[in-house]
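[1] Next come a sequence and a model predicted from it.
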Amino acid sequence: MASSGAGYSGVSPHDDESKLPPRGKDVEMVEVPVGPDAKKADAVVEEMPFEQMLKNVLLLSCCWCYGIAALFVNVSTTTLAAKDMKSKATATVPLGVMLIVGALSTTVVPRFVAAFGSRTTFLASAMLGVIGALVNFFAIRNRGDDDDDAMSFLMLSLGAIPQGFTYACTNNYRFAVMMFSPPEFASRAIALVVLGGTAAAGIGPELSKFTRTAMGDDVDEEHAGSYLLLLAIYAALLLTVLVVDWGRAEEIAAAKKAKALAAQSEDEQPRPVRDIFSQPAFMSAVAFQTISYSAMGAIMAATPLAMAADGFSFAESTTAITCHMLGMFIPSLFSGQVIKKHGTDKSIFGGFLILLLGACVFFTSRELASYIVGLTVVGVGWNFSFVGATTLLTTLYRPCEKTEVQAYNDLVVVGVLALLMFTTSFLLAAVGSWDVFVAIHVAYIAVALAWTALYVVKLKDL
């Protein structure tokens, strides 16, 4: 599992020492190397050359790319396929199922990594993606009369279940990169991984334009080609996971943990999760990630439905999604440097401000340009707010706390995202207006903007 606590060492001056658990049966004692063994641990920590580190960071960026490409094939294809099978009100249910399973899997992934290793866990996630894509493919091929459509809709939802675990692992690559990265390279390493999503724009929704009717345009053929593309994406993910130096990274991560524990006093044991989450700064970091991801995700998932209602074609809505993805990931070319130079606070605040402005673009008109520009700007805002909040999180807990913290953080982030994505089509149908739907999310983002300002002024040092 990733070590994302590299930026934290020792006890924060704001920690309540009395809350630290005593040594005893409730605390897992770790044997720390001393003497020659300690020197050996130091050597292992420094052994991976920069070139090898960069190679693995880029490979993880590719893994993120394939995982995100798969997600966006589902956004652009499964949403519309589900709408054709059932109704507009249930169009985002299969996507919501995938994300709900992903949210529940966030606490399982670290335990699988601890029990079976990173390589086995991430390979299993790619294989589950392949299985999910196959189920989705046969869901389309099964279509015919109304009864068949009901069964196909059920199969789409069932195919989303194994892909949920794949998505949970995809979301974890931004933490996994910390196994390879020194603290001073942390923000850039995370940004490089997220940058992989730029290529996902071409691999995912853009290719789905051409594969959607590759097998024909009859009811049991339309979209089938897109699920073969999804199958190929998961296969590429599997092959990429195979060449990452997981074993070497885990050896180094273990040495880092041993070194950190050796530098701690006997009283510096892992804190209970509730004490970590009760810190105002920590709660803020989790909230910033949650609002950034869920607001962006809800707007993104609803856009193809709104565009279809306005008479735009699949190709036009896919173009809007592609531009959105480019807005999400191209800023990673420089967002790491921006965060390092100006700090996480300004990056998060600026990101939410851009996100808010992007959502407001949708109020200008119902033309194609408004959809494209609005989604693109929303994507840019997500990048700065989400990458900034993720980087902030990695500075707020101790190395020995990383596994539990990462799991519960992603449970909250992906859980809220799943809830909003699952209910997006219901909400859009209930309010009956794209403008009202957007206004609700503008208010949601405004809350995050106000919270960020409060964090900078008051909560940051609590």
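    Arrived safely.

[2] Spatially central residue for this protein, please.
    The residue lying closest to the centre of the chain (CA atoms, centre = their mean) is N171, at 3.6 Å.

[3] I'd like to know which elements the strand or helix carrying it is packed against.
    Using DSSP states H and E, N171 maps to helix 146-176. The contact analysis (3 or more CB pairs under 8 Å, 6 or more residues apart in numbering; DSSP states H and E) places helix 146-176 against helix 50-73, helix 79-85, helix 93-105, helix 109-116, helix 118-141, helix 186-195, helix 402-431. Yep, even glycine has a C-beta here, placed from its N, CA and C like the rest.

[4] In this model G102 seems to touch the residue nearest to the centre of the chain, though I could be wrong.
    Yes: with contacts counted by CB atoms under 8 Å, N171 reaches G102, the gap being 7.0 Å.

[5] what is in contact with the two at once?
    V414 (CB atoms under 8 Å, 6 or more residues apart in numbering).

[6] A186 and T403, how far apart?
    According to CB to CB, to the nearest Å, A186 stands 17 Å off from T403.

[7] Can you classify the closest residue to S76 other than its chain neighbours as helix, strand or coil?
    Take S76 and drop its neighbours on the chain: the residue closest to it by CB to CB, 6 or more residues apart in numbering is P205, 4.4 Å away. Put simply, P205 is helix when judged by DSSP: H, G, I helix; E, B strand; the rest coil.

[8] Quick check: pLDDT value at P205.
    In this model, P205 is scored at 79, pLDDT.

[9] How about the contacts made by it?
    Neighbouring residues of P205 by CB under 8 Å, 6+ apart: 72-73, 75-76, 318, 321-322, 325.

[10] make it 6 Å
    Neighbouring residues of P205 by CB atoms under 6 Å, 6 or more residues apart in numbering: 72, 76, 318, 321-322.

[11] Kindly report the same for G379.
    Neighbours of G379 in contact, by CB under 6 Å, 6+ apart: 324, 327-328.

[12] hmm, try it at 10 Å
    Counting by CB atoms under 10 Å, 6 or more residues apart in numbering, G379 makes contact with 197, 201, 296, 299-300, 321, 323-331, 354-355, 358.

[13] And for A150?
    Contacts of A150 (CB under 10 Å, 6+ apart): 85-86.

[14] can you check I372 too?
    Contact partners of I372, counting by CB under 10 Å, 6+ apart, are 303, 316, 319-324, 327, 361.

[15] could those go into TSV alongside pLDDT?
    Output for the contacts of I372, formatted as TSV (pLDDT from 0 to 100):
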residue	pLDDT
T303	91
E316	91
T319	90
A320	92
I321	88
T322	88
C323	92
H324	91
G327	91
V361	96
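
[16] From the residues you listed, pick the one nearest A133.
    Of all the contacts of I372, I321 has the smallest distance to A133: 18.7 Å, by CB to CB.

[17] Let's verify the closest one: helix, strand, or coil?
    Here I321 takes the helix state, with states given by three-state DSSP.

[18] who's in contact with it?
    If you count contacts by CB under 10 Å, 6+ apart, I321 has them with 72-73, 75-76, 201, 204-206, 208, 300-301, 303-304, 307, 371-372, 375, 379.

[19] and if you look at A369?
    Going by CB under 10 Å, 6+ apart, A369 touches 320, 361.

[20] tell me which element it is part of?
    helix 368-393.

[21] residues of that helix that come out buried?
    Of all the residues in helix 368-393, those buried under the rule 16 or more other CB atoms under 10 Å are 368, 371-393.

[22] now that helix: how far from the chain's centre is it?
    For helix 368-393, the separation from the chain centroid amounts to 13 Å (computed by CA atoms, centre = their mean, to the nearest Å).

[23] repeat for stretch 78-90
    24 Å.

[24] Stretch 127-137 too?
    Averaged C-alpha coordinates place stretch 127-137 at 20 Å from its chain's average position (CA atoms, centre = their mean).

[25] same check, this time on stretch 119-133
    On CA atoms, centre = their mean, the centre of stretch 119-133 falls 17 Å from the chain's centre.

[26] pLDDT of that stretch, averaged?
    Averaging pLDDT along stretch 119-133 gives 95.

[27] try stretch 77-86
    The average pLDDT within stretch 77-86 is 82.

[28] same deal with stretch 286-295?
    Averaging pLDDT along stretch 286-295 gives 93.

[29] what separates M300 from Y173, distance-wise?
    Applying CB to CB, the value for M300 to Y173 is 20 Å.

[30] I should have written I372 there, sorry.
    For I372, the distance to Y173 (CB to CB) stands at 28 Å.

[31] V101 against I161, yeah?
    Yes: the pair V101 and I161 qualifies as a contact (CB atoms under 10 Å) at a distance of 5.3 Å.

[32] of these two, who's got more company?
    Using other CB atoms under 10 Å as the criterion, V101 and I161 rank with V101 on top: 21 against 18.

[33] what residues are up against the residue nearest to the more buried one when sequence neighbours are not counted?
    In space, and not counting its chain neighbours, V101 is closest to G164: 2.6 Å by CB to CB, 6+ apart. Counting by CB under 10 Å, 6+ apart, G164 touches 97-105, 125, 128-129, 132, 414, 418.

[34] swap the cut-off to 7 Å and go again
    Contacts for G164 were tallied using CB atoms under 7 Å, 6 or more residues apart in numbering; they are 98-102, 105.

[35] Repeat that for I276.
    If you count contacts by CB under 7 Å, 6+ apart, I276 has them with 282, 397, 401, 405.

[36] In JSON lines: those residues, plus pLDDT and distance to A258.
    JSON lines is the format used below for the contacts of I276 (pLDDT from 0 to 100; distance: CB to CB, whole Å):
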{"residue": "F282", "pLDDT": "89", "distance to A258": "25"}
{"residue": "Y397", "pLDDT": "82", "distance to A258": "18"}
{"residue": "E401", "pLDDT": "80", "distance to A258": "15"}
{"residue": "V405", "pLDDT": "85", "distance to A258": "19"}
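
[37] Name the nearest of those residues relative to S157.
    Among the contacts of I276, V405 lies closest to S157 (CB to CB), at 31.5 Å.

[38] And for the closest one, the neighbour number?
    By the measure other CB under 10 Å, the count of residues near V405 is 25.

[39] cool, and the one 10 residues further on?
    Counted with other CB under 10 Å, the burial measure for G415 works out to 18 neighbours.

[40] what do you get for F116?
    Neighbour count of F116, defined by other CB under 10 Å: 12.
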